[in-house]
Structures are given as structure tokens and as C-alpha cells.
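*Asks:* All I have is the shape, not the residue letters:
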């Protein structure tokens, strides 16, 4: 069973890397890019029957730092 | 006084930290991260700087899940002393022993230079050798030292006098210019600058000496 976890910085937490990417896009001539947020995608291959609760636990304990990050779980 | 320094794969300030403790009069032992329990007679545990586990996932995130770190959490819950420097500070925030999180520097650059710090409180055994408001110079060397904490938590840290140091000239975008914080029981200190890199005249400064000495003196006196 494949699971995809998207980890993004919470709204309101300044994202210096996203800001740098936005600047770089502007420098390349791409106009109108108002905001860039950079996060990460983690793909897991887990045993069939792994519960959403277990995956949530993985996110809370390790995959995301919930002080600054949100996560979204998607079973593929 | 007995000190232990935890060594993770990728730690690189462990020996400097051990020397700083020894110079202050502590007996030091190095503890490999695969150990499951800390020796029970340790007064203080040091979590050194470096790049534990290659900074994979997030700085300090994997080390925070190490078996030895579970033992460290128990040590702090028992009221034991601990100091986390640089990557060690990142580990302590990842475990939740200290509040907040350390993010990529606002200018995205690795910053490696001596910086001015203001001592914000002396009501802590690590800090009693300084004067309140004293300016000291300590080197920083980090890519992810941008301390992030919610407004409510920042207010709480200020109310409780738990900000150890602030930067005189904020190099990394840290909230409230924070360079280091202490735990509620004032026995755990986490800081991005490296006090162990300024304990010998050959380091170019000795402003870190007072921290290790005051800690050892308070433990010995207790």
C-alpha cells in the first residue's frame, strides 16, 4: 500500500526558501508569481492494512514537526 | 561532577564539548547513540553540535528519536541538567524538551562567525557566571538557526525569563533575536552559538568559560 505525505510549513511561518524561489522566478522573467511555499513529499510503502491512525502517528512523531509544519496524508 | 556527551553519527563538536567540561573540572564520558540508557550517575548531559544523521528529514529529527534520546528525556524529567548546542539545540527542540523549532536561516546562507550575545537572565546555573545584560562574543556556525516560536509562546518565554541569550545583531532571522532558551525548571539550556568554541585564548576568545565553570560550581556546591 502506497501512502503519500505532504509536509508544508504552517500558514504564517515565514518560508525563506520559498521566498528565494519566488525571487529567482522573477529574475527569470516569470511575472506575477506572488507567493511560493516550499514543502516536501514523502512516499511510504507500508503493509496492507496499516491504519490511517498509524500513519498519522508516524507524521506526528517524525515526518512533520508540528510546531512549524502541517501534513496531509493521501493513500494512493 | 559527572558529564556525559552524546555522540551521534555526524556529531562533530563532541570532543570540543568534552574538553570544555573537563577544563571546568568535570569528569566526562562519551556516550554512543546506540546505548539505550544513560549512566545513572550523570549530573549533566551534553548534546553536541554537528550534523547528526546528515540533517536528513529535518536537523535533529532523527537523533531526537534515538534510544539514547529517550533516556535523555527521562534524565531531564528527573531534573537532570542538559545542554544542547547548535545541532544539540535542534535535537532538544525536536524532542519537545525545549519549545520552538529551528528553521533555515532567513538569508539562506550558512553563517560562520563570532557574534555578540546579550545575557538575558542569570537565574540559571549555566548563566550565573555572567552579569545580566552582559555582552559576550561567541561563534555561530549554522545553516538552520532561525528560531521560530508562536507569539503566545514567545510571550510566555519572556514572562518566565526563559530567554538565555539574544543576538546583538540578529544574523539568522530568529524570532525575538533569540539565540538560546532554557527549560521551565531552568536546568536545560539550548543555544545555537558555540560556547565550547571559546574556552581557550587560542580560540580567539574565552567568553564560554564562565558557562561551564558556573555550572560545575553549582553542581559541586549542591
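*Replies:* Arrived safely, thanks for sending. Being a predicted model, the structure only gives us computed values, none of them experimental.
*Asks:* and residue 18, what pLDDT?
*Replies:* As the question left the chain open, I've gone with chain A. pLDDT for residue A:18: 93.
*Asks:* Hmm, no, I was thinking of chain B.
*Replies:* Looking at residue B:18, its pLDDT reads 98.
*Asks:* swap in residue B:136?
*Replies:* Here, the pLDDT recorded for residue B:136 equals 98.
*Asks:* Number of residues surrounding the residue nearest to residue A:69 when sequence neighbours are not counted?
*Replies:* With Cβ to Cβ, 6 or more residues apart in numbering or on different chains as the criterion, residue A:69 has its nearest non-adjacent residue at 5.2 Å, and that residue is residue A:7. Quick note: C-beta positions are derived from backbone N, CA and C, even for glycine. The number of residues packed near residue A:7 is 19, by other Cβ atoms under 10 Å in any protein chain shown.
*Asks:* ok, now residue B:150?
*Replies:* 16.
*Asks:* Can you check which helix is longest in chain B?
*Replies:* helix B:209-221 (DSSP state H).
*Asks:* Look up how far residue A:75 lies from the nearest residue to residue B:14 once chain neighbours are set aside.
*Replies:* Leaving out its chain neighbours, the residue that sits closest to residue B:14 by Cβ to Cβ, 6+ apart is residue B:48, at 4.2 Å. From residue B:48 across to residue A:75, the span is 40 Å (Cβ to Cβ, to the nearest Å).
*Asks:* Next up, the contacts around the closest residue to chain A within chain B.
*Replies:* Per Cβ to the nearest Cβ, residue B:101 is where chain B lies closest to chain A, at 4.3 Å. When contacts are counted by Cβ atoms under 8 Å, 6 or more residues apart in numbering or on different chains, residue B:101 touches A:65, A:67-68, B:93-94, B:147-149.
*Asks:* Residue B:37 now?
*Replies:* Applying Cβ under 8 Å, 6+ apart, the residues near residue B:37 are B:68, B:71.
*Asks:* What parts of chain B come near chain A?
*Replies:* With Cβ under 8 Å from any Cβ of the partner chain as the criterion, chain B meets chain A at residues B:57-58, B:61-62, B:65, B:93-94, B:99-101, B:103-108, B:146, B:148-149, B:173.
*Asks:* Quick one, which of those are buried?
*Replies:* Of the members of the residues of chain B next to chain A, the ones counted as buried by neighbours, 16 or more other Cβ atoms under 10 Å in any protein chain shown, are B:57-58, B:61-62, B:65, B:93-94, B:99-101, B:103-106, B:146, B:148-149, B:173.
*Asks:* hey, where'd the strands end up in chain A?
*Replies:* A:2-9, A:40-45, A:69-75 (DSSP state E).
*Asks:* Which among those strands is found nearest to residue B:32?
*Replies:* Proximity to residue B:32 (Cβ to Cβ) singles out strand A:40-45 among these, at 28.1 Å.
*Asks:* So what are the sheet partners of the closest one and their directions?
*Replies:* strand A:2-9 (antiparallel) (DSSP bridges).
*Asks:* quick one, the partner strand and strand A:69-75 angle?
*Replies:* 160 degrees (axes from the mean of the first three to the mean of the last three Cα atoms, to 10 degrees).
*Asks:* Buried ones in strand A:2-9, by neighbour count?
*Replies:* So for strand A:2-9, counting by 16+ other Cβ under 10 Å, buried means A:3, A:5, A:7-9.
*Asks:* Reformat those residues into CSV and put pLDDT next to each item.
*Replies:* Compiled in CSV, the buried residues of strand A:2-9 are given as follows (pLDDT from 0 to 100):
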residue, pLDDT
A:3, 97
A:5, 98
A:7, 97
A:8, 97
A:9, 95
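*Asks:* Nearest to chain B among the residues you listed?
*Replies:* residue A:9 (8.1 Å).
*Asks:* Show the contacting residues for that closest one.
*Replies:* So residue A:9 contacts A:15, A:18, A:37-39, A:68-70 (Cβ under 8 Å, 6+ apart).
*Asks:* what's the spacing between stretch A:51-58 and its chain's center?
*Replies:* 17 Å (Cα atoms, centre = their mean, to the nearest Å).
*Asks:* check whether it contacts chain B.
*Replies:* No: Stretch A:51-58 does not reach chain B (Cβ under 8 Å from any Cβ); its nearest approach is 11.0 Å.
*Asks:* What is the neighbour count of residue A:58?
*Replies:* Residue A:58 has 18 neighbours, counted by other Cβ under 10 Å.
*Asks:* cool, residue B:170 as well?
*Replies:* So residue B:170, with other Cβ under 10 Å, has 17 neighbours.
*Asks:* Ignoring the adjacent residues along the chain, who's closest to it?
*Replies:* residue B:177 (4.6 Å).
*Asks:* does the one you found really touch residue B:171, like I thought?
*Replies:* No: contact between residue B:177 and residue B:171 fails when scored by Cβ atoms under 8 Å: they sit 9.6 Å apart.
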